[in-house]
Each structure stands twice: as C-alpha cells, then as structure tokens.
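Enquirer: Dropping a prediction and its sequence here:
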Amino acid sequence: MSKLTLCLVGLMLVTSIQVGAQTKAILTIEPEGSTIISRHIYGHFAEHLGRSIYDGFWIDKDLPVKKQGRIRLDIVEALKKIRIPNLRWPGGCFADEYHWRDGIGPAKNRPKMVNTNWGGVIEDNSFGTHEFLELCKLLNCEPYISANVGSGTPDEMSKWVEYLNFDGLSPMTELRKKNGNAQPYHVSFWGVGNESWGCGGNMTAEYYSNEYRRYATFAKDYGSAKLKKIAAGASDFDYHWTETLMKNVGNRMWGLSLHYYTIPTGNWGKKGSATGFSEQEYFNTMERALRMDELITKHSAIMDRYDPKKNVALVVDEWGIWTDVEEGTNPGFLYQQNSLRDALIAASTLNIFHKHADRVKMANLAQTVNVLQALILTDKEKMLLTPTYYVFDMYKVHHDAKLLPIKFITPDYQLNGRKIPAINVSASKDVNGVVHISLVNLDAGNEISVTADLGDLKWNSVAGEILTSANVTDVNTFERPYQIQLSKFDQANKDGNRLNVKLPPHSIVTLTLN
C-alpha cells in the first residue's frame, strides 16, 4: 500500500528522533482521501463595528480611491484574489439590535440608530441589505446573514427571507422591486441569532433551542434558495449548550456555530498587546490558540452521538486573536495591529479546521477590515494587507480539495518547563490531482528539518511559498506595508524520490508537488 511518507519511518528511526534530535519531524501522508475541505471554512466576517463597514468597505464619496458607489474597490480586489467564499453580516452582537427595514429604501429616509454594543456611535443605516448584497456580488462570494433573534421577532426574520428570496407576488417582493431589485437574491446562509447566551439575549440553552425552533419554522424556502439555517452555538467550552441544541433541535438546523477567541493573557480585562510581547507571551498565546483542536474534538463528539452521519455542520463563525486595542483608538472599535504571530495562529487554525473537515464545514475569521484579526487595514486612502491576509492567499490551494490524512511526529517547542507541538501540517489533493502540503513551525528559535520519502508518487519538482519575518512581533505598517509578505521558498529539494525540507523558525510554508 503506497503512501507519501515524509521521512523514512522505521521503529528505530522514530525512537531516535523522539529521544534524540529535537529539530526533525516525521510525517506520513495517505495518497488518497475522501473528505472535502469546504471552501466555506475560509469565510470572513463584516460587522457594524468600528471601521469595518463605515470607513472600511463603505467610504466617503469624496475619498480619492477607486470605488463603485461608496464600496471601496481596492479592498474588493484584494479579497477576490484570495477567493473569499462567504461574508457574514451584520453581526455579531450588532445583529440582535438590527432591524433590516431601517436599512432599505432611499438613504436619506433611513432612520439613524445608536450602536449600543460598539462605542455608542450613531449609525445612519446608509449601508444596508442591498449595499451588502452588492458588495457580495462584487466579491463573487455568498452572503451569510445573521437575523435578529434577541430583539426581533419570527415575523421580522421571515419577512426578510421573503424579501430577498421570493420570486412571486407578495408585499415583500413588491417592496424589493420598488427598491430596485426585480430578481430575488437567493440567499441560503442564515444565522438564527448570535451569541444568544450573551449579547444576543442572555438566554439559557433550553430557552434558545425553543426560540430557534420557532424562528426556523417561519423562515421558508423559496425557489432554488434552500435555507441553510445556522443555530447560535456555544462559547468556548460550554459543552452543555451543544448537548442541548443537538438534543432539542437536531437536524432542524444546517449548522451549529462555535465561537472561540485566542486571548494572549487569558484575561478579558487585560488581553495583552498586539505588538509588544515577549517570547513567553508568544508561547502562551500559541498554547491557547491550539486549544481550538480540543474544542472541536469535544463539541464534535457530542454532535456525533446525535448525528453520527454528520449532517449538521459545525460552523466556527467567530475565531481569531483578540488583543487590547491600539493606543489612542476608540476602545469600542476593536482596532488592533496584526503581527507574524497572528499569521501563525491563522495558519495553525486552518490546519485544525482541515483535520476536522468532516464536521467543520464553515468558519468565519473575525474580522475582515480594521477590526480584530483583520486581513486589511486602512487609513484614509491608504490600505495595507496584514500577515494574516497572506495566509489566506497561500492556503487558497486547499479550497474544495480532498483532505489527505496525515500521521506525524513532531518535536516540541519548549519554554520554561512547558511544551507545545512545534509543527502542525495539512495536505490536500486538488481537482487536477496536484498535492499541496502546508507546514507551520511555531518554534520561535529553531529550524525544523523534514525528510520525505514519497513512495510511489510521481513528481518531478517542488515549488513553495513562505511567510516569515525576523521577529514574531513584526508587522506591516502604512510606512512599510510590505515588510511581511509571501516570498519564494527554496529550502525544499528533490533527492531521488525523497523530499528534503528545512522550515525556518516561526514560519509558514506551502509546497506544491509538480
């Protein structure tokens, strides 16, 4: 039985590497797989929060950048390059105070509102349903709309679905046509509330599960738009919430969400700096980020008991690193810089999602522009791509590819008596039969060597990309926007049918076998 075996694996060799040299990894990759890595794992999130929408996607008409209406097109082009598959909107906590009818019709007639969750700023509702769907059209991505359960009604959600998806004669379709869209939008992804255990209503799991059933009953399928209803799931380690939803809702939902943020200090009151951190703080952060694997494993085990055929998707629709805001910015705007550390978190998390691709069918990084672990930062007409953006660029080769199962032994990254795995990895085969391998070295100080015997695989050459920098604290700034970016990787070479790879410290590498 042929395998792509990274390193010649014999018992004596395995033992010597485990006990002796700490800078070598052994990987065994199956040449075929059946699980598909859904492209929707690579989704993103745009909440009415800080400068995400206003002064992000939706800009002043006088700003001297290319735009369509008020949609900023350099952002659109950057996101199209990484093939963004879906975009979640309008929240987040904001979703459960948002009433969609306030955001349709002539902009001058739309009522203003207070954003009570994020800074108490005044929203003018100039960016509403039609503007969001125009943005999704420009991005060539699917919309994912979060409906208001916390302060809304089942009728409000059902009318929103009808407004967007019905192609017959009704008051809602007539209203949509009046607002400029004769054809329905066919929106399939619908969140039924958000964080209903907290800002979405402070509900118990038992109460929310009944509310979900009520709301979902009145949200109808119209035409070709078969609704994929996503229930508001657990925060972090709340396994009781998942148990309750699976027991009381079950297959009435397409997906069940999970939210998990990496807090560097573990303290929500003082989360830690986005840029000024020690190696110990870096280690602690990576240790917390890797707990995503434990979370998905345990929530999935509960789901498996009620849904052994895995019909219900686990949807990690909020994830990423959350640090203290940048000095001098509005604390309610959640604006933080983005370092190489954040890129390493992103790549490691995506590798974890790949590992669980039989259950994790969708995920949304928080957030896309100017908020939390953003892909893009703006300052008036200036725009920069963060290190996290480049991870999504190099990992797009895995979209809708077949997961190749992996077994591997990795050295540990050790610091002050604690340890985490130094290496994490995933591999896939695309529709053309091309194998891609993504490797992450979390060790802040050590190069890791990988030797690969690829068995019967026919390949002639290897090409690669790398994302790294001198320090894990390095960032891109408006003065130096390209300090961290993808570059050609030349530390992988063919030796007969053996592949030798040297992974620099704190680096991300994607290899393509040609």
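Expert: That came in fine, so what should we check first? Residues are numbered from 1 along each chain as shown.
Enquirer: just the helices in the stretch 201-350 of the chain please.
Expert: 205-218, 239-248, 279-289, 291-306, 340-355 (DSSP state H, counting those that start in this stretch).
Enquirer: what does the stretch 51-200 of the chain give?
Expert: Using DSSP H, counting those that start in this stretch, helices in the stretch 51-200 of the chain cover 73-81, 129-139, 154-165, 171-178.
Enquirer: and the angle from the second one to helix 171-178?
Expert: In other words, helix 129-139. Between the axes of helix 129-139 and helix 171-178, defined by axes from the mean of the first three to the mean of the last three Cα atoms, to 10 degrees, the angle is 60 degrees.
Enquirer: now the helices of the stretch 201-350 of the chain in CSV, with mean neighbour count?
Expert: All C-beta atoms are positioned from the backbone trio N, CA, C, and that covers glycine. Shown next, in CSV, are these (neighbours: other Cβ atoms under 10 Å):
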stretch, mean neighbour count
helix 205-218, 18
helix 239-248, 19
helix 279-289, 20
helix 291-306, 17
helix 340-355, 26
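Enquirer: out of those helices, nearest to Tyr185?
Expert: Among the helices of the stretch 201-350 of the chain, the nearest to Tyr185 by Cβ to Cβ is helix 205-218 (18.9 Å).
Enquirer: circling back to that earlier point, how about JSON lines for the helices of the stretch 51-200 of the chain, with distance to Pro411 and mean pLDDT added?
Expert: Putting these into JSON lines (distance: least, Cβ to Cβ, whole Å; pLDDT from 0 to 100) gives the following:
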{"stretch": "helix 73-81", "distance to Pro411": "35", "mean pLDDT": "98"}
{"stretch": "helix 129-139", "distance to Pro411": "40", "mean pLDDT": "98"}
{"stretch": "helix 154-165", "distance to Pro411": "51", "mean pLDDT": "98"}
{"stretch": "helix 171-178", "distance to Pro411": "58", "mean pLDDT": "97"}
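Enquirer: Switch the ones you listed over to CSV; also include mean neighbour count and distance to Tyr185.
Expert: Converted to CSV, the helices of the stretch 51-200 of the chain look like this (neighbours: other Cβ atoms under 10 Å; distance: least, Cβ to Cβ, whole Å):
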stretch, mean neighbour count, distance to Tyr185
helix 73-81, 17, 18
helix 129-139, 19, 5
helix 154-165, 20, 5
helix 171-178, 15, 9
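Enquirer: just so I know, which of these lies nearest Glu281?
Expert: Evaluated with Cβ to Cβ, the helices of the stretch 51-200 of the chain place helix 73-81 nearest to Glu281, the distance being 29.9 Å.
Enquirer: got JSON lines for the helices of the stretch 201-350 of the chain, with distance to Gly168 too?
Expert: What follows is those, written out as JSON lines (distance: least, Cβ to Cβ, whole Å):
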{"stretch": "helix 205-218", "distance to Gly168": "17"}
{"stretch": "helix 239-248", "distance to Gly168": "33"}
{"stretch": "helix 279-289", "distance to Gly168": "48"}
{"stretch": "helix 291-306", "distance to Gly168": "36"}
{"stretch": "helix 340-355", "distance to Gly168": "39"}
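Enquirer: Determine which of those helices approaches Arg418 most closely.
Expert: helix 279-289 (7.1 Å).
Enquirer: Tell me what angle that closest one forms with helix 340-355.
Expert: 20 degrees.
Enquirer: Does helix 279-289 pack against any helices or strands, and if so which?
Expert: Where contact means 3 or more Cβ pairs under 8 Å, 6 or more residues apart in numbering; DSSP states H and E, helix 279-289 is packed against strand 255-262, helix 340-355, strand 412-415, strand 418-421.
Enquirer: Near the nearest residue to Glu156 once chain neighbours are set aside, how many residues? Count them for me, please.
Expert: Leaving aside its sequence neighbours, Glu156 sits nearest to Asn148 (Cβ to Cβ, 6 or more residues apart in numbering; 6.4 Å). Residues lying near Asn148 (other Cβ atoms under 10 Å) number 25.
Enquirer: need the contact list for Asn148.
Expert: Ala95, Asp96, Glu97, Tyr98, His99, Trp100, Glu156, Met157, Gly193 (Cβ atoms under 8 Å, 6 or more residues apart in numbering).
Enquirer: And the first one, how far from Pro111?
Expert: By that I understand Ala95. Distance, Ala95 to Pro111, by Cβ to Cβ, to the nearest Å: 17 Å.
Enquirer: Same question for the fourth one.
Expert: Noted for Tyr98: a distance of 12 Å to Pro111, by Cβ to Cβ.
Enquirer: Those two: which is more packed in?
Expert: Using other Cβ under 10 Å as the criterion, Tyr98 and Pro111 rank with Tyr98 on top: 26 against 11.
Enquirer: Am I right that that one is in contact with Ile53?
Expert: No: counting by Cβ atoms under 8 Å, Tyr98 does not reach Ile53; the two are 11.6 Å apart.
Enquirer: Out of the helices of the stretch 51-200 of the chain, flag the one nearest Asn248.
Expert: helix 154-165 (17.0 Å).
Enquirer: what's next to the closest one, contact-wise?
Expert: Residues contacting helix 154-165 (Cβ under 8 Å, 6+ apart): 99-100, 129, 133, 145, 147-149, 170, 172-173, 175-176, 184-187, 190, 192, 214-215, 217-223, 225, 227.
Enquirer: Any idea how far it is from the middle of the chain?
Expert: 27 Å (Cα atoms, centre = their mean, to the nearest Å).
Enquirer: Please export the C-alpha coordinates of it as CSV.
Expert: Taking Å, rounded to 0.1, in the frame of the first residue of the first chain, the C-alpha atoms of helix 154-165 are listed here in CSV:
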residue,chain,number,x,y,z
PRO,A,154,-40.0,35.5,13.9
ASP,A,155,-42.2,37.6,11.6
GLU,A,156,-39.3,40.1,11.1
MET,A,157,-36.9,37.3,10.0
SER,A,158,-39.4,35.5,7.8
LYS,A,159,-40.2,38.7,6.0
TRP,A,160,-36.5,39.4,5.4
VAL,A,161,-36.1,35.9,3.9
GLU,A,162,-39.2,36.5,1.7
TYR,A,163,-38.0,40.0,0.7
LEU,A,164,-34.7,38.5,-0.5
ASN,A,165,-35.7,35.2,-1.9
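Enquirer: need the contacts of Asn148 in TSV with distance to Asp324, can you?
Expert: Below are the contacts of Asn148 laid out as TSV (distance: Cβ to Cβ, whole Å):
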residue	distance to Asp324
Ala95	25
Asp96	25
Glu97	25
Tyr98	27
His99	32
Trp100	33
Glu156	36
Met157	35
Gly193	28
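Enquirer: Pick the one among the residues you listed closest to Leu63.
Expert: Tyr98 (25.2 Å).
Enquirer: Run through the residues that contact that closest one.
Expert: His48, Pro90, Gly91, Asn148 are the contacts of Tyr98 under Cβ under 8 Å, 6+ apart.
Enquirer: what's the answer for Leu415, then?
Expert: Glu279, Gln280, Phe283.
Enquirer: again with Asn86
Expert: Going by Cβ under 8 Å, 6+ apart, the list of residues near Asn86 reads His40, Gly43, His44, Cys141, Glu142, Pro143, Tyr144, Phe189, Met362, Asn364.
Enquirer: Ignoring the adjacent residues along the chain, who's closest to the fourth one?
Expert: So that's Cys141. Ile84 (4.9 Å).
Enquirer: what number of residues lie near that neighbour?
Expert: The burial count for Ile84: 23, using other Cβ under 10 Å.
Enquirer: That one is in contact with Leu139, isn't it?
Expert: Yes: between Ile84 and Leu139 there is a contact under Cβ under 8 Å: 5.7 Å.
Enquirer: How about the contacts made by Asn351?
Expert: Asn424, Val425, Ser426, Ser438, Val440.
Enquirer: what ranges do the strands span in the stretch 351-500 of the chain?
Expert: Listed in chain order, the strands of the stretch 351-500 of the chain (DSSP state E, counting those that start in this stretch) span residues 360-365, 376-379, 382-385, 402-403, 406-409, 412-415, 418-421, 423-429, 435-441, 448-453, 462-467, 487-488, 492-495, 498-503.
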